[in-house]
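Visitor: next one to model:
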Amino acid sequence: MVAHAAKFQGQSALLSRELLTYYRQVSESPLTVVDIETTGALGHNARIIEVSILKASLATGIEHQETHMINPKVKIPEFITAITGITPEMVYPSPPPEKIWPQCLPVLQEDRVFTAHNLDFDYPFIRTEFKRLGIRFYKPPLQKLCTVILSRMLLADLPSRSLPKLIEHFNFDISTSHRAEADTQACWLLAQILLTQIQNEDDDTLLKRFGQQWIRLQDAAKILNCRKEEAQVRLSAAQVEHRLSFKGKNPMYRRWGVEQFYYEQQGQQMSLL
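Guide: Numbering: from 1, shown residues only. From the prediction side, this is the model:
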C-alpha cells in the first residue's frame, strides 16, 4: 500500500485495491470517533465550543465516551446558536480550552484510528486548538478515517451523505443533530455498518462498489499523476463517465472509469519500455 498511499495523503486519491487493503485494516482496528461544534467554519479564526470523543471497535462496541463544553472566550454567533442550540449561557460557565484540551490529549493520542464525519473539518480544528496551547497533535494519514469518504464509496448514488441524511437513511435512534455527543454516536453507528460490510463482503464485490464512487477532478488528477486541466482533457477524450457536482457544478468522475484509464495508460507505458 504503499507507494501510492505514501505519495497521496487523501483517501479519495488512492486506487481501489489500495483502499480495500486500507479499509480492511481499519475494520480490524479500534477507533476514536470525534465530533465538534464551533463558532464558525475556519479554524484560524473560529473556536471549538463542544467536543465529544468516543472509543469503539467492531469487536467491542462502544467502550467510552466523553463530552466537553468549552468556553472559547469569544462571542457565540447567533447563527451558531440557531444551528446547534448552544447558547452563550451554556458555554460561558464551562472550562476554557487550556483546561479541556490537555485533558483530551491522552485519549486522542492513543493508537487508534482517528475517525470523523468530514475529517477535513474536525481534524484541522482540533490541531489548531492544540497549536494555540503550544502542543503538537498529529495523526499519520493512514491512522485516519473519514466516514464521508467511506459512505461515498459504499453509498455512491445516495443524493446526500450528510450526517442528518444518513441518520434518516439508516433510521438511527439519534434524536439530536448538530450536537457533538449525538453526532459522534451517529458517526460511530455509520462506521459500524460500513466497516462491517468491509469485513463481510468479498474483494470483487467491494471493488465493484468502490468503482461506483464519484470522485473530484483533483482526485482523478492525482490518480493519473498530472495537472487537473490535463486530466480533464484526457478523461474527456477517453469518454469516462462524468457529471457535475450537486453544489459546486464541478466535474465528477466514476472511480472505475478513472482507474480503468489509469491502468490502460500504465500498460501502454510498460509496453514502451
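Visitor: contacts, neighbours, all on C-alpha from now
Guide: OK.
Visitor: show me the strands in the stretch 101-250 of the chain, by range?
Guide: For the stretch 101-250 of the chain, applying DSSP state E, counting those that start in this stretch gives strands covering 113-116, 144-146, 214-216, 242-244.
Visitor: what's the most buried one of those?
Guide: Stretch with highest mean neighbour count among these: strand 113-116 (a mean of 26; mean count of other Cα atoms under 10 Å).
Visitor: got the CA positions of that one in CSV?
Guide: C-alpha atoms of strand 113-116 as CSV (Å, rounded to 0.1, in the frame of the first residue of the first chain):
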residue,chain,number,x,y,z
VAL,A,113,-7.9,5.3,14.0
PHE,A,114,-9.0,9.0,14.3
THR,A,115,-12.5,9.0,12.8
ALA,A,116,-14.9,11.8,12.0
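Visitor: need the residues that contact that strand.
Guide: Here strand 113-116 makes contact (Cα atoms under 8 Å, 6 or more residues apart in numbering) with 26, 29-35, 108, 122-123, 139, 143-147, 184, 187.
Visitor: related to what we said a few turns ago, mean pLDDT and distance to L14 added to the strands of the stretch 101-250 of the chain, as TSV?
Guide: Listed next are these as TSV, based on pLDDT from 0 to 100; distance: least, Cα to Cα, whole Å:
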stretch	mean pLDDT	distance to L14
strand 113-116	98	18
strand 144-146	96	14
strand 214-216	93	11
strand 242-244	91	19
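Visitor: could these go into a markdown table alongside distance to Y263?
Guide: Below are these laid out as a markdown table (distance: least, Cα to Cα, whole Å):
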| stretch | distance to Y263 |
| --- | --- |
| strand 113-116 | 30 |
| strand 144-146 | 26 |
| strand 214-216 | 17 |
| strand 242-244 | 18 |
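Visitor: R254 against E241, yeah?
Guide: Yes. Counting by Cα atoms under 8 Å, E241 is a contact partner of R254 at 5.8 Å.
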